[in-house]
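> Could you look at this predicted model? Sequence included:
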Amino acid sequence: MKAYQLRPGAGVAELALTRIATPQPRPHEVLIKTHAAALNYRDLMYARGNYINLADAPLVPAGDGAGEIVAVGADVTRFAVGDRVTHDQFGLGTVMSVTGSGSDAQATIDFGDERPKKLLLRYAPVEKL
């Protein structure tokens, strides 16, 4: 799969499109094809080398995103392939259902914290314009 990667302290100019192995979801994980991602201040801090406790290995920035589930782990019961979701990779690792479309990259997301599937739809639905 394709992924943009940063090394800590390398600076934003060093953001590079690379090819990495497509991850396979573990029992409590889902694989999400990313449709939209958000660059956050955390990403800038990492690029500048100011973020504490991250490995020196390249990091795929933009932990917040939305997309479509393309694979589920054996123990996942509340989501299915084809569900449109939003995720926060660097926070709680939660995945919630939304509506939307697009495509770009894939990432495995921790599914340990199961939250209500319809929570985001109730409070902040995403609509295709």
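Here it is on my side, so go on.
> What's opposite Leu31 in the beta bridge?
Ala71, Thr108 (DSSP bridges).
> Quick one: neighbours of it, just the number.
By other Cβ atoms under 10 Å, the residues close to Leu31 number 21. Every residue, glycine included, has its C-beta placed from N, CA and C.
> these two touch, right, Glu14 and Leu6?
Yes: judged on Cβ atoms under 8 Å, Glu14 makes contact with Leu6 at a distance of 6.7 Å.
> Mind listing the shared neighbours of these two?
Taking Cβ atoms under 8 Å, 6 or more residues apart in numbering as the contact rule, Glu14 and Leu6 both touch Ala47.
> These two: which has the busier surroundings?
Comparing Glu14 with Leu6 by neighbour count (other Cβ under 10 Å), the higher total belongs to Leu6, at 20 against 12.
> and that one, what are its bridge partners?
Beta-bridge partners, per DSSP bridges, of Leu6: Leu59.
> could I have the longest helix belonging to the chain exported to CSV, CA atoms only?
For the chain, the longest helix by residue count, based on DSSP state H, is helix 41-48. C-alpha atoms of helix 41-48 as CSV (Å, rounded to 0.1, in the frame of the first residue of the first chain):
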residue,chain,number,x,y,z
TYR,A,41,-0.5,20.1,15.3
ARG,A,42,0.8,16.8,16.7
ASP,A,43,2.1,16.0,13.2
LEU,A,44,4.0,19.3,13.0
MET,A,45,5.5,18.7,16.4
TYR,A,46,6.6,15.2,15.3
ALA,A,47,8.1,16.6,12.1
ARG,A,48,10.1,19.2,14.2
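> Which positions within that helix qualify as buried?
Across helix 41-48, burial judged by 16 or more other Cβ atoms under 10 Å covers Arg42, Asp43, Tyr46, Ala47.
> average pLDDT across that helix?
Helix 41-48 shows a mean pLDDT of 79.
> What lies in contact with that helix?
6, 8-12, 14-15, 51, 54, 59, 61-63, 90.
> Near Ile32, how many residues? Count them for me, please.
Neighbours of Ile32 under the rule other Cβ under 10 Å: 27.
> Much appreciated, bye for now.
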